[in-house]
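Visitor: please find the sequence and the predicted model below.
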2 protein chains.
Amino acid sequence: MKIGDVARRTGVAPRLVRYYEQQGLLVADRAANGYRTYSDVDVERVSRVAGMVRAGIPTRLIKVLLDLEVASASEAPACPRTVAEMLADELVGIEDKIACLTRSRDTIRDVLTRTEHAALLSEAAAGATPSAGR
Amino acid sequence: MKIGDVARRTGVAPRLVRYYEQQGLLVADRAANGYRTYSDVDVERVSRVAGMVRAGIPTRLIKVLLDLEVASASEAPACPRTVAEMLADELVGIEDKIACLTRSRDTIRDVLTRTEHAALLSEAAAGATPSAGR
DNA sequence: CTTGACATTGACATCAGTGTCAAACTCTAG
DNA sequence: CTAGAGTTTGACACTGATGTCAATGTCAAG
């Protein structure tokens, strides 16, 4: 699969896919052409990355987090104290963000229901959908 | 209270407080000096704004959301369909962000607990604290 | 073979959010 | 009165994430 296909499936511009790769968030195989080639797994990863970027997570952290997921999925992950401390630090930042967003979400929901526009809420029902087009 | 005091209490640089005002997110009274003067309410608002910015909410939306909270607190808020649709749209974006962040949060917690660094989690216990220094 | 759609790299531009510096003014402390 | 700390405005710089353009290469269809 080529970069244009990935762009179509994820809604992420090819420019950004290359950018993410440049930032070390992605590794793309190359065909004999020199063209980048992607698998379905990569597509998933691209939309995950895009989502995290939109959520305000800096690319540096994204790299760490995605690597962490992989490591966590397999056996006991290695994790020196210094790294753990950094993670704990980022954790509070993330929890703050969640709190802020949750509050804003509730505000919007509240307004929408109280103004007889509750019908619009159903459209947003699938909020946690992984590959949300946004 | 002057801008420096606000900065100290919120951890937000004076430069940014002025910037937020310039973006229409804040309104500051002026003393005879010309100095900006703030109340406790303003302090609260500043840290709310800073939190939302960190959460990746663009300033335009922040303005709308904060105004919305005020309107929502009082009586029945006015809300034409077009605005409601825009809100519903932003809502799904916010829910996506929450989903992303929640997943990342869980990943970090998981790693931390599984690497005997669970002690660091207690430090982050007050995650939802309003005036989190971050 | 030619055309058109897509890819590659690299440079440059833009936008939001911040940092930093400068020149001038205000206030408080000594 | 003077020194130092804080404030004002305004300008310029920088970073991160993106958009856009240019020159060139690749490939599938006609």
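Guide: Looks like it arrived, so ask away. Numbers count the residues shown, from 1 in each chain, chains lettered A, B, ... in the order given.
Visitor: right, is the host helix or strand of A:Arg9 up against chain B?
Guide: Using DSSP states H and E, A:Arg9 sits within helix A:3-10. No. Helix A:3-10 does not reach chain B (Cβ under 8 Å from any Cβ of the partner chain); its nearest approach is 13.1 Å. Just so you know, the C-beta spots here come from the backbone N, C-alpha and C atoms, and that holds for glycine as well.
Visitor: what's next to the helix or strand that that helix is followed by, contact-wise?
Guide: Counting by DSSP H and E, the next helix or strand C-terminal to helix A:3-10 is helix A:14-22. Applying Cβ atoms under 8 Å, 6 or more residues apart in numbering or on different chains, the external contacts of helix A:14-22 come out as A:3-4, A:6-7, A:10, A:26-28, A:36, A:46, A:49-50, A:59.
Visitor: by neighbours, which of these wins?
Guide: A:Val49 (27 neighbours; other Cβ atoms under 10 Å in any protein chain shown).
Visitor: hey, what's the angle from the strand or helix carrying it to helix A:14-22? Just curious.
Guide: For A:Val49, the host element (DSSP H and E) is helix A:40-54. If you take axes from the mean of the first three to the mean of the last three Cα atoms, to 10 degrees, helix A:40-54 sits at 90 degrees to helix A:14-22.
Visitor: pull the residues that contact helix A:40-54.
Guide: In this structure, residues lying in contact with helix A:40-54 by Cβ under 8 Å, 6+ apart are A:1, A:6, A:9-12, A:16-17, A:20, A:25-26, A:28, A:38, A:59, A:62, A:65-66, A:130-132, A:134, B:56, B:93, B:96-97, B:99-100, B:104.
Visitor: and that helix, anywhere near DNA strand D?
Guide: Yes. Contact of helix A:40-54 with DNA strand D is found when judged by Cβ under 7 Å from any atom of the strand, involving A:Ala50, A:Val53, A:Arg54.
Visitor: tell me which residues of that helix are tucked away?
Guide: A:Asp42, A:Val43, A:Arg45, A:Val46, A:Ser47, A:Arg48, A:Val49, A:Ala50, A:Gly51, A:Met52, A:Val53 (16 or more other Cβ atoms under 10 Å in any protein chain shown).
Visitor: angle of that helix against helix A:3-10?
Guide: Orientation of helix A:40-54 against helix A:3-10 (the same axes, to 10 degrees) gives an angle of 60 degrees.
Visitor: what's the very next helix or strand once past helix A:40-54 packed up against?
Guide: The C-terminal neighbour of helix A:40-54 among helices and strands, as given by DSSP H and E, is helix A:59-73. Applying 3 or more Cβ pairs under 8 Å, 6 or more residues apart in numbering or on different chains; DSSP states H and E, one finds that helix A:59-73 makes contact with helix A:40-54, helix A:81-114, helix B:81-114.
Visitor: nearest to A:Ala71, out of the ones you listed?
Guide: helix B:81-114 (7.6 Å; Cβ to Cβ).
Visitor: quick one: that closest one to helix A:40-54, angle?
Guide: On the basis of the same axes, to 10 degrees, helix B:81-114 is oriented at 110 degrees to helix A:40-54.
Visitor: can you list the buried residues in whichever helix or strand comes after helix B:81-114?
Guide: The helix or strand immediately downstream of helix B:81-114 is helix B:119-123, counting by DSSP H and E. For helix B:119-123, burial by neighbour count (16+ other Cβ under 10 Å) applies to B:Leu120, B:Leu121.
Visitor: cool, stretch A:78-96 as well?
Guide: Neighbour counts over stretch A:78-96 (16+ other Cβ under 10 Å) mark A:Cys79, A:Val83, A:Ala84, A:Leu87, A:Ala88, A:Glu90, A:Leu91, A:Val92, A:Gly93, A:Ile94, A:Glu95, A:Asp96 as buried.
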